[in-house]
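Student: Dropping the sequence and predicted coords here.
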Amino acid sequence: MKTGYELLLPQGMTDYFEVVEVEETGKIIILHLEEKSLSPSEVPDRSFISKGFYPAVDIHDFPIRDKGCILRVRRRRWQDKQTGDPYMRDWAVIADGTRLTREFAAFLKELSR
């Protein structure tokens, strides 16, 4: 059974991100999310260190209670300890070429037909 933010966020989002703040400004609700640390089971044969965060990105999602909803996402900067190469988790929440969640973009696309 889903609880809390899992009910409001795109499917699988809470697997990689945690809500650190909720802000309400006028007609907008902003959910601030930060990427969780990597677990050893995600990349078992490699070791990474966190090098801080990339700048936050705003992703528009379905409105909540007649208020616009923005997911303000901060992704971690990971670096492979052995090679020094950067690493990012592969998560497909954003619709290609947009700043919309895939579900919200599909909904809007269907409305325009």
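Tutor: Done, it's in. In this text the structure is predicted, and so the values were computed from the model without any measurement. Residues are numbered from 1 along each chain as shown.

Student: Quick check: bridge partners of the most centrally placed residue in the chain?
Tutor: What sits nearest the mean C-alpha location of the chain, by C-alpha atoms, centre = their mean, is residue 73, with 5.1 Å. Beta-bridge partners recorded for residue 73 (DSSP bridges): residue 33, residue 57.

Student: So it sits against residue 18, correct?
Tutor: No: at 11.1 Å, residue 73 does not count as touching residue 18 under the criterion of C-beta atoms under 8 Å. (Each C-beta comes from the backbone N, C-alpha and C, glycine too.)

Student: which residues do these two both contact?
Tutor: Common neighbours of residue 73 and residue 18 (criterion: C-beta atoms under 8 Å, 6 or more residues apart in numbering): residue 33.

Student: hang on, the earlier thing: contact partners for the residue nearest to the centre of the chain?
Tutor: For residue 73, the contacting residues are 17, 33, 35, 56-59, by C-beta under 8 Å, 6+ apart.

Student: Same list (those residues) but as CSV, adding pLDDT and neighbour count.
Tutor: Output for the contacts of residue 73, formatted as CSV (pLDDT from 0 to 100; neighbours: other C-beta atoms under 10 Å):
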residue, pLDDT, neighbour count
17, 89, 23
33, 93, 23
35, 90, 20
56, 94, 13
57, 89, 12
58, 90, 10
59, 87, 21
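
Student: which of the residues you listed sit farthest apart?
Tutor: Using C-beta to C-beta, the contacts of residue 73 reach their maximum pairwise distance at 35 and 58, which is 15.3 Å.

Student: So which residues of the chain form strands?
Tutor: All strands of the chain, identified by DSSP state E, fall at 17-25, 28-35, 48-53, 57-64, 67-74, 76-80, 86-87.

Student: Let me know which of those is the nearest to residue 10.
Tutor: Nearest to residue 10 among those is strand 57-64 (6.9 Å), distances taken as C-beta to C-beta.
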